[in-house]
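[1] Sharing a model that was predicted from the sequence below.
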Amino acid sequence: MNRRLTAIAALLLMAAAIVLAVVTAVQAFPRGVSVLAALLLAMIAAWWGLLRRGAARELGWSVAALLAAAAVVLVVLEGQLVADVVITAGVLLSLAAAREVFAPRTSWPEAQPPVHPVLFYNPKSGGGKAERFDVAGEARARGIEPIELQRSDDLATIVRGAIANGADALGMAGGDGSQAIVAAIAAEHGLPYVCVPAGTRNHFALDLGVDRDDVVGALDAFTKGGERIVDLAEVNDRVFVNNVSLGVYAEAVQRTSYRDAKLRTLAETVPTVLGPNGDGLDLHWIGPDGRPHETSAVVLVSNDPYRLGRAIGSGTRPRLDAGQLGIAVIGSHDGRGATRVQEWTATSFEVESDRTVAAGIDGEAAALEPPLRFRTRPAALRVRIAPQHPGASPSAMMPAGAWDTIREVARVAAFGHG
């Protein structure tokens with residue numbers, strides 16, 4: 001389906017969902033209000049329970065479950081179940097069509113193939129993706145030397161050894177923490193780098209425009225790929241490709257139980273940091289307003305800013321060449337009693353603390369000595385992208401706001417280009 005027809009479908013589906021929702025609300029009034037109230041109260045009860053432990057937590061979650069069940073019962077009793085399902089389906093299909101309208105269509109200049117490319121791979125990463133897709137065999141078939149990593153290996157030492165033996169292009173098949181190590185060394189030596197999405201989530205691959213479902217195809221970047229230049233970032237001289245998290249998530253990552261029970265460990269960590277008897281955080285910085293701030297919740301510093309809080313393209317970075325740090329803070333106190341969420345960009349950022357700071361660096365646990373000094377490294381890395389892959393982030397073509405998105409979809413539907 002071409003872009004114009006997709007845009008028309010997105011508009012028609014959303015319009016139909018809105019009309020049906022209005023008609024349903026009018027027919028169900030005032031009973032329909034009770035469904036919304038039950039859902040809101042359920043969310044409040046769930047959050048209250050999340051901040052507490054033991055019996056209090058169980059009580060909060062039990063109340064939330066009962067309220068959510070009550071909302072479902074109310075929907076059924078009102079006889080609007082079919083309408084609600086159709087409305088939800090219409091919205092989801094409309095969003096899917098809009099996503100397709102703005103799907104990245106980028107091609108990068110083809111680069112000269114390397115003479116001695118080397119791929120490092122972690123056979124256990126991502127549940128064994130490298131072994132499952134025979135990454136080593138596929139690499140050899142393309143003239144790429146594969147090097148398998150063992151648990152006790154020092155990746156940085158092995159990468160530098162490969163360069164000393166003549167490697168002129170480097171790739172990593174593994175998680176984002178390993179990607180950062182190889183990318184940093186490739187940037188240091190001015191060598192091209194290939195990201196093979198053989199990790200669990202592959203966030204860096206997503207924002208680079210590598211198809212995360214095409215592990216083997218990503219290897220084509222070595223031999224016939226195009227090349228783009230992207231940024232890196234660092235904290236206390238340690239390079240990261242995605243982000244550094246301080247706060248609840250960072251505290252959870254430190255726990256030995258996190259690897260096997262991520263959600264449970266995260267839930268158990270919340271009251272330790274945010275609850276009534278929690279330890280809180282000891283993080284201080286100068287905000288964009290020039291005043292000192294502190295937080296008791298979360299600080300996220302990213303290599304270029306994320307697009308947050310939008311249904312389409314949320315949680316991704318539209319650009320990896322903006323030369324900026326993205327900074328997001330939840331629970332910021334400005335010394336005058338105000339608590340809020342802040343987002344801004346900067347080329348550098350410093351966080352002070354009176355104790356060692358727990359951090360999640362590209363999803364891996366770390367302990368950093370204050371002050372934490374963040375800085376961007378613009379245009380630091382040469383990245384090769386396979387020609388059949390998108391070549392850009394899912395949000396690269398997305399307009400900045402909701403109304404801008406609607407206007408752009410309407411314009412594409414009307415004129416068929418953009």
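    In hand now; what should we look at? Residues are numbered from 1 along each chain as shown.
[2] What strand or helix carries residue 329?
    strand 325-333 (DSSP states H and E).
[3] er, residue 66 I mean
    Residue 66 belongs to helix 54-77, assigned by DSSP H and E.
[4] relative to strand 325-333, how tilted is the longest strand seen in the chain?
    Criterion DSSP state E: the longest strand present in the chain is strand 372-385. Relative orientation of strand 372-385 and strand 325-333, computed by axes from the mean of the first three to the mean of the last three Cα atoms, to 10 degrees: 140 degrees.
[5] ok, and for strand 372-385, which residues are buried?
    Residues of strand 372-385 classed as buried: 372, 374-378, 380-385 (neighbour count, 16 or more other Cβ atoms under 10 Å). No exception for glycine: its C-beta is placed from N, CA and C like everyone else's.
[6] same question, stretch 201-212
    Buried residues in stretch 201-212 (16+ other Cβ under 10 Å): 202-212.
[7] now do stretch 214-229
    Quick answer for stretch 214-229 (16+ other Cβ under 10 Å): 214-223, 225-228.
[8] can you redo those as a markdown table with pLDDT, distance to residue 299 and secondary structure?
    Below are the buried residues of stretch 214-229 laid out as a markdown table (pLDDT from 0 to 100; distance: Cβ to Cβ, whole Å; DSSP: H, G, I helix; E, B strand; the rest coil):
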| residue | pLDDT | distance to residue 299 | secondary structure |
| --- | --- | --- | --- |
| 214 | 96 | 34 | coil |
| 215 | 97 | 33 | coil |
| 216 | 97 | 38 | coil |
| 217 | 97 | 36 | helix |
| 218 | 97 | 32 | helix |
| 219 | 98 | 37 | helix |
| 220 | 97 | 38 | helix |
| 221 | 97 | 34 | helix |
| 222 | 96 | 37 | helix |
| 223 | 93 | 41 | helix |
| 225 | 88 | 36 | coil |
| 226 | 94 | 35 | strand |
| 227 | 96 | 34 | strand |
| 228 | 96 | 29 | strand |
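[9] Export those to CSV and append columns for distance to residue 394.
    Formatted as CSV, the buried residues of stretch 214-229 follow (distance: Cβ to Cβ, whole Å):
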residue, distance to residue 394
214, 15
215, 18
216, 21
217, 18
218, 17
219, 22
220, 21
221, 19
222, 24
223, 26
225, 20
226, 18
227, 21
228, 16
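[10] quick revisit: from the buried residues of stretch 201-212, pick the one nearest residue 392.
    Here the nearest of the buried residues of stretch 201-212 to residue 392, counting by Cβ to Cβ, is residue 209; it sits at 4.3 Å.
[11] looking at it, that closest one is touching residue 387, isn't it?
    No. Residue 209 lies out of contact with residue 387 (Cβ atoms under 8 Å); the separation is 11.3 Å.
[12] got the contact list for the helix or strand where residue 245 lies?
    Using DSSP H and E, residue 245 sits in strand 243-247. The contact list for strand 243-247 (Cβ atoms under 8 Å, 6 or more residues apart in numbering) reads 235, 253, 273, 281, 283, 295, 297-303, 306, 326, 330, 351, 357-362, 372, 374.
[13] which residues of the stretch 151-300 of the chain fall in strands?
    169-173, 192-196, 226-235, 238-240, 243-247, 283-286, 292-303 (DSSP state E, counting those that start in this stretch).
[14] Quick one: list the elements packing against the longest one.
    Contact here means 3 or more Cβ pairs under 8 Å, 6 or more residues apart in numbering; DSSP states H and E; on that basis strand 292-303 packs against strand 226-235, strand 243-247, helix 248-254, helix 262-274, strand 283-286, strand 325-333.
[15] got it, and the fourth one?
    Taking 3+ Cβ pairs under 8 Å, 6+ apart as contact, the helices and strands that strand 238-240 lies on are helix 176-189, strand 226-235.
[16] just those: most buried one?
    When you average the neighbours per residue for each of these (mean count of other Cβ atoms under 10 Å), helix 176-189 leads with a mean of 22.
[17] Just want the angle from it to strand 169-173.
    170 degrees.
[18] And the contacts of helix 176-189?
    Against helix 176-189 from outside (Cβ under 8 Å, 6+ apart): 120, 122, 125, 149, 155-156, 159-160, 163, 170-172, 192-193, 195, 199, 201-205, 232, 239-242, 361-364, 377, 380-382.
[19] tell me the mean pLDDT for that helix?
    For helix 176-189, mean pLDDT is 97.
[20] Which one of the helices and strands packed on strand 238-240 lies nearest to residue 322?
    Using Cβ to Cβ, the nearest of the helices and strands packed on strand 238-240 to residue 322 is strand 226-235, at 7.1 Å.
[21] Low-confidence bits of the stretch 201-350 of the chain, can you list those?
    For the stretch 201-350 of the chain, residues meeting the criterion pLDDT under 70 lie at 248-281, 296, 308-314, 332-340.
[22] quick revisit: out of the helices and strands packed on strand 238-240, nearest to residue 42?
    The nearest among the helices and strands packed on strand 238-240, by Cβ to Cβ, is helix 176-189 at 34.1 Å.
[23] The longest strand of the chain: partners in the sheet, and parallel or antiparallel?
    Next to strand 372-385 in the sheet, as set by DSSP bridges, lie strand 192-196 (parallel), strand 226-235 (antiparallel), strand 348-351 (antiparallel).
[24] Quick one: closest of those to residue 58.
    Of all the strands paired with strand 372-385, strand 348-351 sits nearest to residue 58, with 35.5 Å by Cβ to Cβ.
[25] how about that closest one: buried residues?
    349, 351.
[26] how about the CA coordinates for it, as CSV?
    Provided in CSV are the C-alpha atoms of strand 348-351 (Å, rounded to 0.1, in the frame of the first residue of the first chain):
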residue,chain,number,x,y,z
SER,A,348,27.4,18.5,29.1
PHE,A,349,25.8,17.8,32.5
GLU,A,350,27.1,17.2,36.0
VAL,A,351,25.5,15.5,39.0
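[27] Tabulate the helices and strands packed on strand 238-240 (JSON lines), appending distance to residue 89.
    Output for the helices and strands packed on strand 238-240, formatted as JSON lines (distance: least, Cβ to Cβ, whole Å):
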{"stretch": "helix 176-189", "distance to residue 89": "34"}
{"stretch": "strand 226-235", "distance to residue 89": "37"}
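[28] Looking at the ones you listed, which is nearest to residue 392?
    strand 226-235 (8.6 Å).
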